[in-house]
Structure formats: structure tokens, C-alpha cells
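Novice: prediction below, plus the sequence it came from.
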Amino acid sequence: MSLKPLADRVVVKPLDADEQKVGTIIIPDTAKEKPMQGEVIAVGPGKRGDGGDVIAMEVKVGDKVLYGKYSGTEISVDNDDYLIMRESDIFAII
């Protein structure tokens, strides 16, 4: 992938939600909830502090993370879907 996020931004690949069927009811993709877990694909260098020094990122490439349901901006690169979000939008590392 050729994306390199800037500042405190992170590129996350959402993990597919497990599909479940109850009886014969099939839920269309448009009605399914968005996943709130993903894998970190790329990490920016970090945010600049007031003194000009770079604050290191806590997440790293390969981390599995939890994030808010509507966090980030959805993008598509090479037919793959990703989210770009600030590190502060990530709640936890799994």
C-alpha cells in the first residue's frame, strides 16, 4: 500500500463482522452495523507538541484496535476499504 498518513493519523483496515443468520431472515449489507475493530495498516510520525517536538504514537502497524462506530474517513485503495482516523479516535489496542 502506498498510503503514508501525516501527523497523528492512522490507516485502519476494518475487520469483517461475522455474518449470522437467524431462521430465514437475511439482513442486507446496508442494514448491518459497521465493524468497530480493525487492524492498523500504517501510522503517521506523530503529532507536534507546543514546543515543536514530535509526540510518539502509541499504536503501531499490525495492532488490532477498537474505535468508535462513526470514527474516521472511509477510503478505497486498490479495491480495498480503509479508514483514516486520528490516534485519539482509537479507544483500545486488543
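Specialist: Yep, it's here. This one's a predicted model, so the numbers in the text were calculated from it and none came from an experiment.
Novice: and the residue nearest in space to the middle of the chain, how far from Lys4?
Specialist: Nearest residue to the geometric centre of the chain (C-alpha atoms, centre = their mean): Val12, 3.0 Å. Distance of Val12 to Lys4, given as C-beta to C-beta, to the nearest Å: 14 Å. To be clear about C-beta, it is placed using only N, CA and C from the backbone, and glycine gets the same treatment.
Novice: over to Gly52?
Specialist: Here the criterion is C-beta to C-beta. By it, Gly52 lies 21 Å from Lys4.
Novice: neighbour-wise, which of those two wins?
Specialist: Set side by side, Gly52 and Lys4 show more neighbours around Lys4, with 11 against 6, by other C-beta atoms under 10 Å.
Novice: surely Tyr82 and Arg9 touch.
Specialist: No. Contact status for Tyr82 versus Arg9: not in contact, 11.5 Å apart, counting by C-beta atoms under 8 Å.
Novice: strands paired with the host helix or strand of the residue nearest to the centre of the chain, and their directions?
Specialist: Under the criterion of DSSP states H and E, Val12 resides in strand 9-14. With DSSP bridges as the criterion, the sheet partners recorded for strand 9-14 are strand 37-43 (antiparallel), strand 80-86 (antiparallel).
Novice: list the helices and strands the next helix or strand after the last one packs on?
Specialist: The C-terminal neighbour of strand 80-86 among helices and strands, as given by DSSP H and E, is strand 90-93. Using 3 or more C-beta pairs under 8 Å, 6 or more residues apart in numbering; DSSP states H and E as the contact criterion, the secondary-structure elements in contact with strand 90-93 are strand 64-67.
Novice: the strand it packs on pairs with which strands?
Specialist: The strands that strand 64-67 pairs with in its sheet are strand 37-43 (antiparallel), strand 90-93 (antiparallel) (by DSSP bridges).
Novice: how about the ones you listed in CSV, adding distance to Gly68?
Specialist: Compiled in CSV, the strands paired with strand 64-67 are given as follows (distance: least, C-beta to C-beta, whole Å):
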stretch, distance to Gly68
strand 37-43, 11
strand 90-93, 7
